[in-house]
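Student: The following block contains a protein sequence and its predicted model.
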Number of protein chains: 2
Amino acid sequence: MKFQITFLPNEIITHAPENTTVFNAANWAGLAIDSTCGGRGTCGKCKVQFQNGATPINEADRKFISDADLGAGWRLSCRAPIHRECVVNVPRLMTSPKAALLGYGRHVVLDPNVAKIYLELSEPSLEDQRSDLERVVVALDKEGYQVHADLAVWRALPKILRARDFKITAVVCGDELIAIEPGDTTDHLYGLALDIGTTTVVGAIVDLNNGAVAAVKSTLNGQAPFGADVISRASYAMLEDDGLATLQTRIVETINNLFDELLALSGVARENVYEAVAVGNATMLHLLLGIDPEPIAVAPFIPAVEQAVTFPAREIGLRLHPHARVSTLPHLGAYVGADIVAGVLATGLARSEDNKWRVYIDVGTNGEIVVGSSARTISTAAPAGPAFEGAQIKSGMRASDGAIEGVEISDDVHLQIIGGDVKPIGLCGSGLVDAVAQLIECGIVDVSGRLLRADDLRGRVSEKLIARLVEDAERGVRGFLLSDPESNIVLTQPDIRALQFAKAAISSGVDVLMQKLGFTANDIHEVLLAGSFGSYINPASARRIGLVPWVPVERIIAVGNAAGEGAKIALLSFREREAAQRIPDFVEYLELSGRVEFNDIFTDALAFPIGK
Amino acid sequence: MKFQITFLPNEIITHAPENTTVFNAANWAGLAIDSTCGGRGTCGKCKVQFQNGATPINEADRKFISDADLGAGWRLSCRAPIHRECVVNVPRLMTSPKAALLGYGRHVVLDPNVAKIYLELSEPSLEDQRSDLERVVVALDKEGYQVHADLAVWRALPKILRARDFKITAVVCGDELIAIEPGDTTDHLYGLALDIGTTTVVGAIVDLNNGAVAAVKSTLNGQAPFGADVISRASYAMLEDDGLATLQTRIVETINNLFDELLALSGVARENVYEAVAVGNATMLHLLLGIDPEPIAVAPFIPAVEQAVTFPAREIGLRLHPHARVSTLPHLGAYVGADIVAGVLATGLARSEDNKWRVYIDVGTNGEIVVGSSARTISTAAPAGPAFEGAQIKSGMRASDGAIEGVEISDDVHLQIIGGDVKPIGLCGSGLVDAVAQLIECGIVDVSGRLLRADDLRGRVSEKLIARLVEDAERGVRGFLLSDPESNIVLTQPDIRALQFAKAAISSGVDVLMQKLGFTANDIHEVLLAGSFGSYINPASARRIGLVPWVPVERIIAVGNAAGEGAKIALLSFREREAAQRIPDFVEYLELSGRVEFNDIFTDALAFPIGK
């Protein structure tokens, strides 16, 4: 249920789900409303005037707004959840807020969940015997922060307050006072964005004062030896003694080591990193938190925790600031996780105001798919199998040095190899897609997926290409030699079948969602390919093999590591993070398991498109 | 600022501070309003109808009450903070709530902060893929509990939910889901009340289902070897390496050992004790939490934390349920601590509706004093010195076996000794007070505190008594032999002087407060003597030496361990706990240090009363 909000004087129109505050809706629409408390109802600065559709008057309104002004429709926008269409007048800002361009063209107003506030407190006396804590809390309240503190801060108070004559910097994370530091340390304020993939973990240290990335780096997930995909990881946790503890230790070590490298690269001090936002699929986040993922792995596929959560970093052994917090984003379902929610956030998929249909695909062992517009959005996961990861492919390999990542076929085969001028040693996912797409294009593979024989091809393709048709004498498996004979990288008929199954699973998922939403490929505005694989795939090849719907190639866009971008956005803007937390409220989750129409569509989708 | 609330139909009138909810005010007045959510605004059962003075309508009201009823003055009483005089109609309860008689005649409605809720959850399926957490949270919401959970519960969810077919008991502490247990465990629900004295620690395991005390026990504070009073403890923390850590370890060990004994005595299982309420003076609670108490010990006497706090028991090493919480009560000042707040709660001192003046004294090294009525109440601390604890008294000792605890003087001396028929080995505080009072009464000590000589007494008192006058030949110190010559327990002239200083400090404190409040001894309704010493003191003797104002003896009441009773009340009733947390809002704190009138009054108060 969404309602239209019109912001005056500029007549900016947006649509927001019920219960969104006017403050957050304005922020999303790129309209910054003045605020120092970050939308917590305590600074009283975010007043707006309703022209119609005013929300009921509440306690916070009464605290900051006179009766006459309340009568004239003035309200605190951060305490005004919309329940119907409305028109709101927003006073012009005196200063323009800091912003950063992030994700897929998202203009994000900086509003991090962590804030540093420098305070020069009055010193206690027999006439002013307020406790240390009250002295700090009252001073923060005047700055618009209503906080509570825990044992760590209580213990720090006597010494830190008296270290520099009661001049301190308070570090506030959400509504928690997580640290106090002597003197003015406001210049040093950083966060960590984490995208925890099954294979790869990407981390970025972000300067929360200006949105700049201080360092970014990726590394292999240290759980890799215990299984290539989420199912094998869950099995390991299930079947091995201490399996869960082992996997948790591995991912925590992976992140700690990555973080050490990021600190070294950036020169940032560990104790100045106060918050992390972590995204990943449900299994990865369960393992990070030490929660048994078994019920995710078996029907009916139930995560223990699906919502966004926040917890102290030290509770899982992450070595950030000793009292740093970690926040996650929510999952949409057991197999459409926080990484996809982050991608939806980074691309603005479900919020774009143009009412155009978009298809978001994160291609991997599970293809995660989100299809929709601001009117309605549905997500699902399609079991693609490991072909796109290069697994169960004869010469398959991960996208690392020596992998064929691009293939072009004219009169002969031209390869693009990761690492440049090296001998190819295998075929990664994007190379596989390219190879098959090119073989279809030149007619060596037909639309049924059959690798034609030399006799059928003679005269229609070059002899050089025909010479590349090979057959494994022993097993009778036919194939096409992609490399020089010495390197002997062969694409086999079973490889092509594996890719057909993989792409059919994903395209069937897309089709089911498009059917449900009632539109066809002709109506698609954009296809967004995300994830480490999606970003390297050739859009034309993806279309040629039928992985994505047949749309003009320029509408197929690689959006890079959208999950990591989404994590950064959530780190830099609490309002965006709140928006992400509400994504499950309006992005539906469709379970494909056991759906009859999926099986029908899947069978039809095995063939390659005829092309145009 | 207090307002009158009249509850209909019974015309019960009470006065409550501004912002008190009607729900809590009614509860205090002994009027239970229906509620299952404990005043959290989520069950919608606590509706009342304002006849006048209705509070503004808020979101919670709208959720549960129709527009017509809102117009007729109906509101949720737990969301109705009073800001003016009002008359409220309370629907009669269908069932009478459980209650217990606690403290000084307080009738406490059971409403513990910890609740157990048995849930039979629906099992997940492909049609109902809600996460484990959401399944529990939604079921609790239906029962009126809006909770959040942390890592410990997230980790427990998959296994516990599936252990007994999704039948679980949720343990909710405040708004936190602290544990889930398989099956129905609602019968096992306990809390721990702790009164942490400088000398003695008292613990009680309380059955939160019915208010019964399952076991109670006291033990010596293991910090005792590091100093007898708070100043010497603070010095130890300040001056010794790891002094703070040592003292914290000692008190935590003391409590853990005491708790082990309480578990053995009661047969209660450790993991069924979910919450502790701890009271004590500010220094003791700082040491318990590991907070440096130094700024409390030196002018201007500033606690780090004065407010009530809640934290996980395991964070300080207390071995209750692994996720149990500890809550404290607030302090009124550096030297009027949570133990006194608990005493005020237990005696109803500042809330009694009779508008009569009461004086509350906790006699010890620091005499803590609270004087007032429901109209106005002031507290202070008077530096009595250690005389009442038996220290710096020639034959002084703690109140343990062999201590003279009572003295009666007629023609000879009659002793009451702790442990019964044993030889006396010293004089504890109550014995000291008795001895001096009796010596004044029979004229052996005059009102100036001088021990008269045999020549002055001959013919006025018995020869047996005169024979007890002794003099230390070497040091010239005169005294009065209380015991048989062999035991040789002598009350000396310097002992009497020490007691004069101690009692003068306390009575001066009482006088300063009475002057400030504008009443005299004749207006006093009750003098309440609290604490381990106050409970044993003979009221007539306390009056005779001028420790308490001269009021009819029957108005001097020993209220026992009021601090411990207050802790129990706070454990058994969240509303009472909230009331205790607000006590600092209306009980003033007066700092005696450096007040000129205190010194004048003190000098006058050194003499003993002339008597009547």
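Tutor: Cool, the structure landed.
Student: separation between the closest residue to chain B within the stretch 1-150 of chain A and residue A:154?
Tutor: The minimum distance from the stretch 1-150 of chain A to chain B, using C-beta to the nearest C-beta, falls at residue A:131 (3.7 Å). Backbone N, C-alpha and C define where each C-beta goes, glycine included. From residue A:131 over to residue A:154 the distance is 10 Å, taken as C-beta to C-beta, to the nearest Å.
Student: any shared contact partners between the two?
Tutor: Shared contacts of residue A:131 and residue A:154, defined by C-beta atoms under 8 Å, 6 or more residues apart in numbering or on different chains, comprise B:304, B:305.
Student: Neighbour count for the two, which is higher?
Tutor: residue A:131 (24 against 21; other C-beta atoms under 10 Å in any protein chain shown).
Student: isn't the more buried one right next to residue B:305, touching?
Tutor: Yes - with contacts counted by C-beta atoms under 8 Å, residue A:131 reaches residue B:305, the gap being 5.8 Å.
Student: so who does the most far-flung residue of chain A relative to its centre touch?
Tutor: Relative to the mean C-alpha coordinate of chain A, counting by C-alpha atoms, centre = their mean, the farthest residue is residue A:126 (54.3 Å). By C-beta under 8 Å, 6+ apart, the contact set of residue A:126 is B:299, B:300, B:301, B:591, B:593, B:594.
Student: give me that answer again for 10 Å
Tutor: With contacts defined as C-beta atoms under 10 Å, 6 or more residues apart in numbering or on different chains, residue A:126 is in contact with B:299, B:300, B:301, B:591, B:593, B:594, B:595.
Student: are any of these buried, and which?
Tutor: Buried residues within the contacts of residue A:126, counting neighbours by 16 or more other C-beta atoms under 10 Å in any protein chain shown: B:300, B:301, B:591.
Student: Can you list the residue ranges for strands in the stretch 251-400 of chain A?
Tutor: Counting by DSSP state E, counting those that start in this stretch, one finds strands in the stretch 251-400 of chain A at the ranges A:273-280, A:310-312, A:325-328, A:357-362, A:366-372, A:377-383.
Student: and those as TSV, adding mean neighbour count and distance to chain B?
Tutor: Converted to TSV, the strands of the stretch 251-400 of chain A look like this (neighbours: other C-beta atoms under 10 Å in any protein chain shown; distance: least, C-beta to the nearest C-beta, whole Å):
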stretch	mean neighbour count	distance to chain B
strand A:273-280	28	14
strand A:310-312	18	5
strand A:325-328	24	10
strand A:357-362	26	20
strand A:366-372	28	16
strand A:377-383	24	12
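Student: how about those in a markdown table, adding mean pLDDT?
Tutor: Shown next, in a markdown table, are those (pLDDT from 0 to 100):
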| stretch | mean pLDDT |
| --- | --- |
| strand A:273-280 | 98 |
| strand A:310-312 | 96 |
| strand A:325-328 | 98 |
| strand A:357-362 | 96 |
| strand A:366-372 | 94 |
| strand A:377-383 | 94 |
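Student: Dump the ones you listed into CSV; add distance to residue A:462 as well.
Tutor: As requested, the strands of the stretch 251-400 of chain A are exported to CSV (distance: least, C-beta to C-beta, whole Å):
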stretch, distance to residue A:462
strand A:273-280, 46
strand A:310-312, 61
strand A:325-328, 54
strand A:357-362, 34
strand A:366-372, 35
strand A:377-383, 37
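Student: Go through those and name the closest to residue B:360.
Tutor: Among these, strand A:310-312 comes nearest to residue B:360, with 40.9 Å by C-beta to C-beta.
Student: Partner strands of that closest one and their direction?
Tutor: Using DSSP bridges, the strands paired with strand A:310-312 are strand A:325-328 (antiparallel).
Student: So out of everything in the stretch 501-612 of chain A, what residue is nearest chain B?
Tutor: Counting by C-beta to the nearest C-beta, the stretch 501-612 of chain A gets nearest to chain B through residue A:591 (5.6 Å).
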